Structure formats: C-alpha cells, structure tokens
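[1] With the input below, show me the fold.
(one chain, ligands or ions: 2)
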Amino acid sequence: MVSTAINIGIIGGSGMLGSAIATAILASGNIAPAQVWISNTSGQAPGFALNSSVHITKDNGTLVDACDMVILCVPPAAFPEIHIHAPDKLVMSVMAGVTLDQLGARTGAVRLVRAMSSPAASLALAYSPWIASPEVTSSDRHIVQIILEACGKTDEVFDESQLDHFTAMTGPVPGFVALFAQSMADHAERQGIAPEVADRAVRQLFLAAGTMMAAGAARPADHVREMIDYAGTTAAGLTAMLEADLPKSISDGLLAAADKAKSF
Ligand SMILES: NC(=O)C1=CN([C@@H]2O[C@H](COP(=O)(O)OP(=O)(O)OC[C@H]3O[C@@H](n4cnc5c(N)ncnc54)[C@H](O)[C@@H]3O)[C@@H](O)[C@H]2O)C=CC1
Ligand SMILES: O=C(O)[C@@H]1CCC=N1
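    Ligands and ions are numbered 1, 2, ... in the order given. So this is what the prediction gives:
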C-alpha cells in the first residue's frame, strides 16, 4: 500500500487515457478505491459504477479540495477551461504538449510532474516517461513511481523536450504500429489473400512480434541485423525497405507528431 493514505484525483478520469490510468491504479492494489476521485464534464462515469467507492464529480474544485495529488488528463484544447487553484498539491499532467511552466501558471502548483502515458495503461502495458519540477519531494516521487509503474514501464527523464517525442512515439497505442499493420494487410489483399485471413495473420504477427521483442535482451536493431546477416528472404525485404529509406519516413512522421504537440 502507499506509505501514506493519500487521495488521488484524475481530472478527465473517464476519458480514453484517464480511465486507463484509473483502471491501472485500482488494479495495482496499492491505492484503495476510496482514495480515488474522478472528475469529468458529466459527473457520470459508468465504467466505474461497479466500484462504488470511487468518487465521481463534475466539480474540479471539489476534487482538488479532496485530493493530495491531482492528475490532469483532459485534451490540451480543454486545458484553458480548467480553473483550479492547487498551490499545496502535487499536480501531474499527461496532456500532450502542456509544459511544466503552463501547468504551474494555470494551477498555482509548484510540485509539478509532466508525464506521458497511453491507454495501454489499462493492461499495465504503457510506457510512461516523466519529468519533475525541482520542488517535487522524495515522497512525491514515490507516489508518481507507484502510479506510473501500475501503468506499465516508466523512466524519469531530465530534458522536458523529450516529452513531446514520447507523446509522438509511445503515447498512441497501437498508434503508428497500426499503420504498419494496415500496410501489411493491404499488401496481402493485393496479392489475392482474403481480407479476413490477412487481418488474422497480421494481428497474430504483431502479437508475436511484440511479445518476442519484449522478452530477452535483443534490441530491435539486433533482430534486424540478425535477419540481414541470415541473408534469406527477410534480408531481401529489409534491404529493399532500407534502400527506400523507410526509417526516414517513420522519423519524419514522428517529428510531425512531436511538432504538433509543441504547437498546443
Ligand atoms: N487517447 C490517447 O491515446 C492518449 C491521450 N493522451 C492525452 O490525454 C489527454 C486526454 O485525452 P483523451 O483521454 O484521449 O481524451 P477524451 O476526450 O477521451 O477524455 C477527456 C476527458 O476529459 C473530460 N473533460 C474535458 N474537459 C473537462 C473539464 N473542463 N473538467 C473536467 N473534465 C473535463 C471529459 O469529460 C473526458 O472524460 C489529452 O491531453 C491527450 O493528449 C496522451 C496519450 C495517449
Ligand atoms: O493523438 C493524440 O493527440 C493523443 C496524444 C498522444 C497520443 N494520443
């Protein structure tokens, strides 16, 4: 259990990301349902109705007053409509593009964490990097670690600009990987393979690839090198993709996403 029985409030906690984080927190067993508050625009959260101990409200001020830690999880476009004053609270954001300075200016908080996560948190499979303001205490860090470890894997970073790149890369799940999968399924159909067979094959491929890459010490680059060195059919395909500079296309897309985050 968390060393202190703190209350955690998620503003936007019934949305795609907020509900995934709330689910992860509740599933971890480290934080009791009665310690969790959720606010949204309706004051209703059917997804948590079965957990009657979770507090649901449409009043963000009520949530802030009741909680020791506030997690901001609304669309960046909605952030200007968030009028909370939380000078003595730990405030964490998972909003794309909203900086630590913007968080502090709007909320009055000084103990600030800017993180990124993903809806995979509901399966404890998210990657959640985070950066903290200097005022964040060791106890705050303990709570942040508990929450983000409940969501999956996490690292503290020390260059805030990296959060925009993680927003691009690891925020969307399945995200850009779905485009690769779609490209393979479309290719299969162009070769005359039935759509439902192509779909089943590609889903199984990505399940296997993700599972195998998550296990063991080999990094993606190691797998690519091994296949090219094997000099078989896959090597021919990889060589063609590398000559077409597929990595540059992927990087350009990720930079476009990161630039969009910066624009919020
Ligand atoms: N959906 C995703 O895959 C990811 C989303 N994010 C970030 O998470 C944040 C939330 O995005 P989503 O969950 O996708 O949005 P969403 O639209 O699914 O949910 C937004 C939630 O915020 C609530 N909300 C909006 N304005 C509010 C207000 N003034 N007061 C209280 N609650 C309010 C809504 O009622 C809703 O529950 C965004 O900043 C986004 O950049 C980050 C990574 C992945
Ligand atoms: O696409 C988006 O804007 C959200 C933020 C990061 C991932 N998904």
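[2] For ligand 1, what's its nearest residue on this protein.
    For the chain, the residue closest to ligand 1 is residue 15, as judged by C-beta to the nearest ligand atom, at 1.9 Å. (C-beta placed from N, C-alpha, C; glycine too.)
[3] Please list all residues in contact with the nearest residue to that residue once chain neighbours are set aside.
    Leaving aside its chain neighbours, residue 15 sits nearest to residue 73 (6.3 Å; criterion: C-beta to C-beta, 6 or more residues apart in numbering). For residue 73, the contacting residues are 10, 11, 12, 13, 15, 17, 18, 21, 93, 94, 95, by C-beta atoms under 8 Å, 6 or more residues apart in numbering.
[4] Give the residue spans of the stretch 51-200 of the chain that score low on pLDDT.
    By pLDDT under 70, the stretch 51-200 of the chain has no low-scoring segment.
[5] Averaged pLDDT, the helix or strand containing residue 38. What do you get?
    According to DSSP states H and E, residue 38 maps onto strand 36-39. Averaging pLDDT along strand 36-39 gives 97.
[6] The next helix or strand after it near ligand 1 at all?
    As assigned by DSSP H and E, the chain's next helix or strand after strand 36-39 is strand 55-57. No. Using C-beta under 6 Å from any ligand atom, strand 55-57 stays clear of ligand 1, coming no nearer than 9.1 Å.
[7] Can you list the strands that strand 55-57 pairs with?
    Sheet partners assigned to strand 55-57 using DSSP bridges are listed as strand 36-39 (parallel).
[8] so how far is the strand it pairs with from its chain's centroid?
    Averaging C-alpha positions (C-alpha atoms, centre = their mean, to the nearest Å) puts strand 36-39 19 Å from its chain's average.
[9] where does the residue of the stretch 151-264 of the chain found nearest ligand 2 fall, phi/psi-wise?
    Using C-beta to the nearest ligand atom, residue 171 is the residue of the stretch 151-264 of the chain that sits closest to ligand 2, at 2.9 Å. Dihedral angles of residue 171 (phi, psi; degrees, to the nearest 10) stand at phi -70, psi -50.
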